[in-house]
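Peer 1: Structure for this input, please:
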Amino acid sequence: MKPKHLALLSLIITFKIQAQSLPQKSGSYSKSAQNRAYFLSLYGKDDSSKAVINMFFNYRKGAEIGVITSSAMAVAGSVAISTSGGGDPGGSQLETQMLAAPVVLGSVLTLAAFSFTLSTYSRKRLLNILNDYEAGKALPKYIRWKKNFKKELTKLKPIFI
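Peer 2: Sure thing, here's the model as predicted:
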């Protein structure tokens, strides 16, 4: 398989994984459970739950943008490597491949990091945290200690000195 076909296939698989539907409060899957407004309307009863929802969706938004840009860079680098050729005796094929290979490697590693962020801050995990919080459990410590959670909380409830 040619590298440009592999890159296109990986891009399609990435978008298929992101397009999965998510559980509602009852545990069934629905398209309406995918947006921030849905979570805020269903679970946003106090400042802490609103801050958790906003924090999760901000992380996801950044990771989605990163996945798209790093996928595009991986595809562009793969295409540059696969189309560099022509038998030029001056060595331009090797130079193009040497320049494009770090771009592909870096974008693939970046893609893996952003994909990990998407899986870490999944909507299903958010749903579990909010269900536990609604049932009376405290928010997990790793969320309460995040600077972004505290920042979202102060946006909702500013501290006046």
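
Peer 1: Model confidence score at Asp132, please.
Peer 2: With respect to pLDDT, Asp132 scores 93.

Peer 1: Mind giving me the packing neighbours of the host helix or strand of it?
Peer 2: Here Asp132, judged by DSSP states H and E, is contained in helix 123-134. Contacts defined by 3 or more Cβ pairs under 8 Å, 6 or more residues apart in numbering; DSSP states H and E place helix 123-134 against strand 22-23, helix 36-43, helix 47-83. Backbone N, C-alpha and C define where each C-beta goes, glycine included.

Peer 1: Turn these into TSV, including mean neighbour count, distance to Ala138 and mean pLDDT.
Peer 2: Shown next, in TSV, are the helices and strands packed on helix 123-134 (neighbours: other Cβ atoms under 10 Å; distance: least, Cβ to Cβ, whole Å; pLDDT from 0 to 100):
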stretch	mean neighbour count	distance to Ala138	mean pLDDT
strand 22-23	16	22	42
helix 36-43	17	15	87
helix 47-83	19	10	86
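
Peer 1: Any chance of TSV for the ones you listed, columns distance to Leu156?
Peer 2: Listed next are the helices and strands packed on helix 123-134 as TSV, based on distance: least, Cβ to Cβ, whole Å:
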stretch	distance to Leu156
strand 22-23	24
helix 36-43	11
helix 47-83	5
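
Peer 1: and of those, who's closest to Leu127?
Peer 2: strand 22-23 (5.8 Å; Cβ to Cβ).

Peer 1: Contact partners for the closest residue to Leu130 other than its chain neighbours?
Peer 2: Distances taken as Cβ to Cβ, 6 or more residues apart in numbering put Tyr43 closest to Leu130, at 4.4 Å, once the chain neighbours are dropped. Contacts for Tyr43 were tallied using Cβ atoms under 8 Å, 6 or more residues apart in numbering; they are 49, 53, 130, 133-134.

Peer 1: Arg60 now?
Peer 2: Counted by Cβ under 8 Å, 6+ apart, Arg60 has contacts 117-118, 121, 123.

Peer 1: How about Phe56?
Peer 2: By Cβ under 8 Å, 6+ apart, Phe56 lies in contact with 121, 123, 125-126.

Peer 1: Can you go through the residues you listed and name the buried ones?
Peer 2: Buried by 16 or more other Cβ atoms under 10 Å: 121, 123, 126, out of these.

Peer 1: can you dump the C-alpha coordinates of stretch 146-161 into PDB?
Peer 2: Extracted C-alpha coordinates of stretch 146-161, given in PDB (Å, rounded to 0.1, in the frame of the first residue of the first chain):
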ATOM      1  CA  LYS A 146      -6.400  21.000  37.800                       C
ATOM      2  CA  LYS A 147      -5.600  24.600  37.200                       C
ATOM      3  CA  ASN A 148      -8.200  24.700  34.300                       C
ATOM      4  CA  PHE A 149     -10.900  23.500  36.700                       C
ATOM      5  CA  LYS A 150     -10.100  26.300  39.100                       C
ATOM      6  CA  LYS A 151     -10.000  28.800  36.300                       C
ATOM      7  CA  GLU A 152     -13.400  27.600  35.000                       C
ATOM      8  CA  LEU A 153     -14.800  27.800  38.500                       C
ATOM      9  CA  THR A 154     -13.600  31.400  39.000                       C
ATOM     10  CA  LYS A 155     -15.100  32.300  35.700                       C
ATOM     11  CA  LEU A 156     -18.500  31.100  37.000                       C
ATOM     12  CA  LYS A 157     -18.000  32.400  40.600                       C
ATOM     13  CA  PRO A 158     -15.500  35.200  40.700                       C
ATOM     14  CA  ILE A 159     -13.700  35.800  44.000                       C
ATOM     15  CA  PHE A 160     -13.900  39.300  45.200                       C
ATOM     16  CA  ILE A 161     -11.200  40.500  47.500                       C
END
